[in-house]
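**Q** Predicted coordinates and the sequence they were generated for:
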Amino acid sequence: MSNTGTLADVLPAAARALNGATRKGLLPKARTVVVMLVDGLGDQLLAANSGHAPFLRRLRQNAHYARLSSGFPSTTATSLGMLGTGLLPGAHGLVGLEVLDPDRDRLFNELMWDPAVDPRRWQPAPTVFEQVAGTGKDVIRIGPAFFDGSGLTEAVQRGGRFVAARSLEERVDVAIAAARRSKGALIYVYWGDLDKIGHEQGCSSWKWLAELERVDACAQALADGLPAGSVLAVTADHGMVDVPFENRLDVAHEPELLDGVRHFGGEPRSLQMYCEPGAADDVAAAWHARVGGDMTVVTREEAVEAGWFGPVEPHVLPRIGDVVTAATGPVAVVDSRTARPQTLRLLGLHGSRTSVETEIPLLVAQN
């Protein structure tokens, strides 16, 4: 088992496996590689609940298993950017859930996207899908229909052909059929319901466990249905923690934490604050005094120097908050002035730098 590497290594490893260059690589040589990303399937969550996932448990015990990092923040837009581009957040530029567009001095949500932001300008580097398709191999991306042409998809997962399918079982069937038709392909399957249930019901709920059982059964069906010479790689974008509602600080009732803050970005476990000119140090001090026992509070410069985002490109730097927080315990910060009511009701959260949120599995089955 390997403890090194990040989610950014997965698709480049798949490309090398398709080309036969796999010495000491994450994935063995293959004619077809299927990458299945299960949103919210943290490695520690899988280990703790492996009795509900016998197939994934077996894969976790084989020689190809690797424990990877989701990067920071441990949130879907940032992690899918890592997967799709093979770059760390400071290079691909999707540095949070809600981030600042410096040209407009406006926040936007990188999952929902903003039509005013050109995704190909926001993230201009070629994706791994584009690179593999450029070699003449088939590239098929399978997910919900609304992903096709979305801002996030165009930013970090463009390339090849998109196939819409609703249920996980349908997506498995589409992947198997595509693999059987192709003489060599990179096939990507996304599934988001485990994350959704974790947010709404908690990642220790019976509904989460039932969905894990479903994911496990579908992963096994996918592995069993692939033709000889195929490799299935199951991974995730982040883990999750349940945060009791009594452990949430609402800045709407903390006026001293509002001073000097122009925009509150990020998300509840990894807030990024964009400050008035010259106010960053005072904001960091106020936040450290108030939440320093439960959250790490650093300035942008400190976060970059510590490598939280990996090497940061100059054009990405102003997208990162002047002050960045990372929860260390089961706590969160919300803003009831602006947050949607359904967001305030979410039980399971992620985004911070704890191992439960950042450690993700790479599970490999070879036909």
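**A** Sure thing, it's come through.
**Q** A helix includes G307, no?
**A** No - with DSSP: H, G, I helix; E, B strand; the rest coil as the criterion, G307 is assigned coil and is not in a helix.
**Q** Over to it: give its phi and psi.
**A** Per-residue torsions, G307: phi 80, psi 20 (degrees, to the nearest 10).
**Q** how deep is it tucked in, by neighbour count?
**A** Using other C-beta atoms under 10 Å, G307 has 12 other residues around it. The way it works is simple: take the backbone N, C-alpha and C, and place the C-beta from them, glycine included.
**Q** where's it relative to L27, distance?
**A** According to C-beta to C-beta, to the nearest Å, G307 and L27 sit 26 Å apart.
**Q** same question, A47
**A** Counting by C-beta to C-beta, the gap from A47 to L27 is 21 Å.
**Q** Which one's more surrounded, those two?
**A** Ranked by neighbour count (other C-beta under 10 Å), A47 and L27 place L27 first, with 25 against 15.
**Q** Surely the more buried one and A15 touch.
**A** No - using C-beta atoms under 8 Å, L27 makes no contact with A15, being 9.5 Å away.
**Q** Regarding the closest residue to D114 other than its chain neighbours, what is its secondary structure?
**A** Take D114 and drop its neighbours on the chain: the residue closest to it by C-beta to C-beta, 6 or more residues apart in numbering is F108, 3.9 Å away. Secondary structure, three-state DSSP: F108 is strand.
**Q** and F108, what does it touch?
**A** Neighbour list for F108: E98, V99, D101, D114, A116, V117 [criterion: C-beta atoms under 8 Å, 6 or more residues apart in numbering].
**Q** which of those residues count as buried?
**A** Neighbour-count burial (16 or more other C-beta atoms under 10 Å) applied to the contacts of F108 gives E98, V99, V117.
**Q** and which of those is nearest T299?
**A** Nearest to T299 out of the buried ones among the contacts of F108 is V99 (C-beta to C-beta; 16.7 Å).
**Q** Who does that closest one form a beta bridge with?
**A** V99 has these beta-bridge partners by DSSP bridges: F108.
**Q** Ok, V323 next?
**A** Under the criterion used (DSSP bridges), V323 bridges to M273, T299.
**Q** so how far is G278 from it?
**A** The value you get for V323 to G278, if C-beta to C-beta is used, is 13 Å.
**Q** Looking at those two now, which is surrounded by more residues?
**A** Neighbours per residue, other C-beta under 10 Å: of V323 and G278, the larger number sits with V323, 28 against 9.
**Q** wait, isn't the more buried one in contact with A284?
**A** Yes - contact criterion C-beta under 8 Å: V323 and A284 qualify, at 4.8 Å.
**Q** which neighbours do these two share?
**A** In contact with both V323 and A284: V297, V298, T299, using C-beta under 8 Å, 6+ apart.
**Q** returning to that earlier point: what two of the contacts of F108 have the greatest distance between them?
**A** For these, the maximum inter-member distance is 14.7 Å, found between E98 and A116 (C-beta to C-beta).
**Q** Using neighbour counts, pick out the buried residues of stretch 279-290.
**A** Residues of stretch 279-290 classed as buried by neighbour count (16+ other C-beta under 10 Å): A279, A280, V283, A284, A286, W287, H288, R290.
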